[in-house]
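>>> model the structure of this input:
(chains A and B)
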Amino acid sequence: MATITFEDVTKVYPDGTEAVSELSLEIGDGEFMVLVGPSGCGKSTALKMVAGLEGVSSGTVAIGDDVVNDLPPRDRDVAMVFQDYALYPHMTVFENLGFALKIRKMPKDAIAERVRRTAAILGIRELLERRPKSLSGGQRQRVAMGRAIVREPRAFLMDEPLSNLDAKLRVQMRAEIRRIQTELGTTTIFVTHDQTEAMTMGDRVAVMRRGVLQQVETPQAMYDRPTNLFVAGFIGSPAMNLVEAALVRTDGRVFARFGSTELVMDDAFVEAHPEIKRYEGGRVVLGIRPETIEHERFAGLDPDGRRLNATVDLRESLGSEALVHFRVDAPPVVTEDTVELVKDREDTDDIDEVIEEHASVFVAKIDPRADARLGQTVPLVVDTSRLHVFDPKDGRAIV
Amino acid sequence: MATTTQNQVRVLAAPRPSVARPARGGRHRSGRVMLYVVLTILGVIAALPFVWMILSSFKPEAEVRAIPPTFWPQEGTLENYRKILNDTELPLALFYRNSAFVAVMHVISTLFTGSLLGYIFAKFEFRSRAPLFWFILATMMIPPQVTMLPGYLILLQLNLLNNLWGLIVPSFIDAFAVFVMRQFILSIPNDEIWSARVDGASEWRIYRSIVLPQLRAPLATLGMLTFMFSWNAYLWPLIVLTEQNKRTLPIILTWYSTHHSAQNNLIMAASVLMVIPVLIIFALSQKWIVRGLTLTGGR
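Residues are numbered from 1 along each chain as shown, chains lettered A, B, ... in the order given. Here you go, the predicted model:
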């Protein structure tokens, strides 16, 4: 077991692309750290630098007390699980699991013992004589995990290991990987582009964007206090509703206005965040989590100054709750951050359409008993003590 | 009611396939018959000279020369083979040995260098990788006749004339083999190589334990082709090996035409003797090709 430390690590490819910029991050002994971000954010590159599969342009990568910048992969004592599993197709499951041990010249019976023990942990004992070709996706994934576990390395490096599984299996393996990691106590870096995976698995989560580390926090703290617009929009599903609003102080109270909506900010909230004062009379980006918008009947809050009238565009019933989509008559927030988020989420480059419509689409997570049918105008209430406020210029969180 | 419906369904359903099937199947079958007819004709044309050679090797000299020629031997005889095998002037065993040595060394060196260089060109990034690869490919475009004289002079300087190694060393690296191997190795996912690297394997170990075992099919094919080319090579060995006892097998094709006027019956028998090892190798490697395909295919 060991810590893993990045210190001002930069990776520049020969063509000049800077994949990772001055990354500083410490992963504690036995910690499960998730690196998350949209594709091309540098998370996989960072992982490969720990494995030794990519060189470090500047800065240092250390495993335990050893700086490993110039160490070849085989001398780093880390194990890696790849997205496509990278099982050796010409070897049986047993040979796949035992390969690394065989290279280390471990005696045959010791190898057999360890392989069998690992297979037992993963429940793949009956697959040992099969070849990867004859295994299902989930079984291959287990074998790939087993290949890492069997070595008892100083750290596990996992590069999107669940992305090829179907949704149900993914959820199952998520829990299983976490269980095994906790049992073994092995330091783990887990790379994913799926924020749900990041939130559910990580002891801490590191969000990256374009090679730059945005924030490192425990999942809950990151959800509650995102450091900027990008993290705010990236973490959470459904995503945080963002809208540009004017901050106005009238009669000693602070109002946030967007379109025809006017929310009164909670007094205690304003007092707790004195920085808001600087933006009075100016514009901010207001962030509202879907679960802080509720139907008036179930909100348990005084609707005065908290009301948001919505015409339902779409209703998704999830049983325990209902997601209501509606348009707000205010322009969407168009910054580099939000554009990238939309691209990532919608998997499209054609975001002009969204912007042209000149309306922000909001999602509210409301009580399923609430009467909110398609096309109906519904009285919603926003919990104004749980708002997020961002600087519209640099996207930094004010609150 | 229910039974009526069921019966109706059965009655309605039953004839349909029997009406549809013959039409579809018939068209399918006639196409297939045509295909087989064409393939059989082509196969016969391709095999005819070969069959002719074998049949002629069992004919006495007079019958071989007879006009009109006979197809089946009228009086089959093993005399031609007996004559060749008992020819005291002809060091047949030595020729076999020489040819086998050269061919086997060719196969080993070509497969080794081809797969190793193919691996390097497929999976390692280094400066001037592309130009170097194109340079190696470009050597395939040069007609072998052009390099014969310079090649001869180099071998002369290296003291490798009249030496079997003089045949082996110049073709130690085969551009075609490098190209074919590179193409196959490209299809092995990088992740597998990386995974082995992280697992602690040295580059040599990765080549040996991860790359080579996945190349069984192409190695078998390439090995068979290399063996055939080497075994059949005539002109270059004739130039490099001038001493009688250093020669390779194809020389026996001219043994009975240059020294004692053309004795076609003996030449045919000698040809059969020469071809037999190639057939054996083909049969063996064909089995490997099939096995190799079932091991690596469908990944």
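>>> okay, now B:Val240: neighbour count?
Look at B:Val240: counted by other C-beta atoms under 10 Å in any protein chain shown, it has 25 neighbours. Heads up, the C-betas are built off the backbone N, CA and C, glycines and all.
>>> contacting residues around it?
Each residue near B:Val240 by C-beta atoms under 8 Å, 6 or more residues apart in numbering or on different chains is listed here: B:152, B:155, B:160-162, B:166-167.
>>> ok, how many other residues are close to residue 68?
This is for chain A. A:Val68 sits with 22 neighbouring residues when counted by other C-beta under 10 Å.
>>> sorry, I should have been clearer: chain B.
Neighbour tally, B:Pro68, other C-beta under 10 Å: 5.
>>> what does the pLDDT read for it?
Looking at B:Pro68, its pLDDT is 87.
>>> narrow the contacts of B:Val240 to those in helices?
Among the contacts of B:Val240, DSSP state H puts B:152, B:155, B:166-167 in helices.
>>> if any of those are buried, put those into a PyMOL selection.
Here is the PyMOL command that selects the buried residues among the ones in helices among the contacts of B:Val240 (16 or more other C-beta atoms under 10 Å in any protein chain shown):
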select buried, chain B and resi 155+166+167
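>>> now tabulate the ones in helices among the contacts of B:Val240 in JSON lines and tack on distance to chain A and pLDDT.
JSON lines is the format used below for those (distance: C-beta to the nearest C-beta, whole Å; pLDDT from 0 to 100):
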{"residue": "B:Tyr152", "distance to chain A": "43", "pLDDT": "91"}
{"residue": "B:Leu155", "distance to chain A": "40", "pLDDT": "91"}
{"residue": "B:Gly166", "distance to chain A": "38", "pLDDT": "89"}
{"residue": "B:Leu167", "distance to chain A": "34", "pLDDT": "89"}
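>>> let me know the closest of the ones in helices among the contacts of B:Val240 to B:Ser202.
Each of these was scored against B:Ser202 by C-beta to C-beta, and B:Leu167 proved nearest at 33.5 Å.
>>> neighbours around residue 217, how many?
No chain specified, so I'll use chain A. 19.
>>> wait, I meant chain B there
19.
>>> flag every buried residue along the strand or helix carrying it.
Assigned by DSSP states H and E, B:Ala217 belongs to helix B:216-232. With burial defined by 16+ other C-beta under 10 Å, the residues of helix B:216-232 counted as buried are B:216-231.
>>> closest to B:Ile142 out of these?
Among the buried residues of helix B:216-232, B:Phe229 lies closest to B:Ile142 (C-beta to C-beta), at 16.4 Å.
>>> looking at this, A:Pro7 is in a helix?
Wrong residue type there; residue A:7 is Glu, not Pro. No: using DSSP: H, G, I helix; E, B strand; the rest coil, the assignment for A:Glu7 is strand, not a helix.
>>> what's the closest non-adjacent residue to it?
A:Thr60 (4.8 Å; C-beta to C-beta, 6 or more residues apart in numbering or on different chains).
>>> and if you look at A:Asp313?
Leaving aside its chain neighbours, A:Asp313 sits nearest to A:His325 (4.7 Å; criterion: C-beta to C-beta, 6+ apart).
>>> what sits against residue 155?
Using chain A. A:1-2, A:4, A:50, A:63, A:77-79, A:186-189.
>>> please go with chain B instead
Residues in contact with B:Leu155 (C-beta under 8 Å, 6+ apart) are B:161, B:166, B:170, B:240.
>>> I'd say A:His273 and A:Ala397 touch.
No: counting by C-beta atoms under 8 Å, A:His273 sits too far from A:Ala397 to count as a contact (10.0 Å).
>>> rewinding a little: pull out the buried positions in the helix or strand where the residue nearest to A:Glu7 lies.
Taking DSSP H and E as the definition, one finds A:Thr60 inside strand A:58-63. Using 16+ other C-beta under 10 Å as the test for burial, strand A:58-63 gives A:59, A:61-63.
>>> and that strand, what other elements does it pack with?
Here strand A:58-63 touches strand A:4-12, strand A:18-27, helix A:43-51, going by 3 or more C-beta pairs under 8 Å, 6 or more residues apart in numbering or on different chains; DSSP states H and E.
>>> of the ones you listed, which stretch is the most buried?
Sort these by mean neighbour count, taking mean count of other C-beta atoms under 10 Å in any protein chain shown, and helix A:43-51 sits at the top with a mean of 24.
>>> is chain B within reach of stretch A:80-98?
Yes: counting by C-beta under 8 Å from any C-beta of the partner chain, chain B is contacted by stretch A:80-98 at A:80, A:82-90.
>>> return the set of buried residues in that stretch.
Neighbour counts using 16+ other C-beta under 10 Å place A:80-91, A:93-98 of stretch A:80-98 among the buried residues.
>>> what about those, which are in strands?
Judged by DSSP state E, the subset of those located in strands is A:80-81.
>>> that older thread, more neighbours: A:His273 and A:Ala397, which one.
Legend: neighbour count by other C-beta under 10 Å for A:His273 and A:Ala397, higher for A:Ala397 (19 against 14).
>>> for that one, which residues count as its bridge partners?
Beta-bridge pairing of A:Ala397 under DSSP bridges involves A:Phe390.
>>> and the gap between it and A:Gly202?
In this view, A:Ala397 and A:Gly202 are 20 Å apart by C-beta to C-beta, to the nearest Å.
>>> quick one: residues contacting A:Pro257.
Just to correct that, residue A:257 is Arg rather than Pro. If a contact means C-beta under 8 Å, 6+ apart, then A:Arg257 has A:245-246, A:248, A:263 as its contacts.
>>> sorry, that was for B:Ser230
B:102-103, B:106-107.
>>> can you narrow those down to the ones near chain A?
Okay, of the contacts of B:Ser230, nothing touches chain A (C-beta under 8 Å from any C-beta).
>>> closest one to B:Gly31 out of those, please.
Closest approach between the contacts of B:Ser230 and B:Gly31, by C-beta to C-beta: B:Val107, at 40.7 Å.
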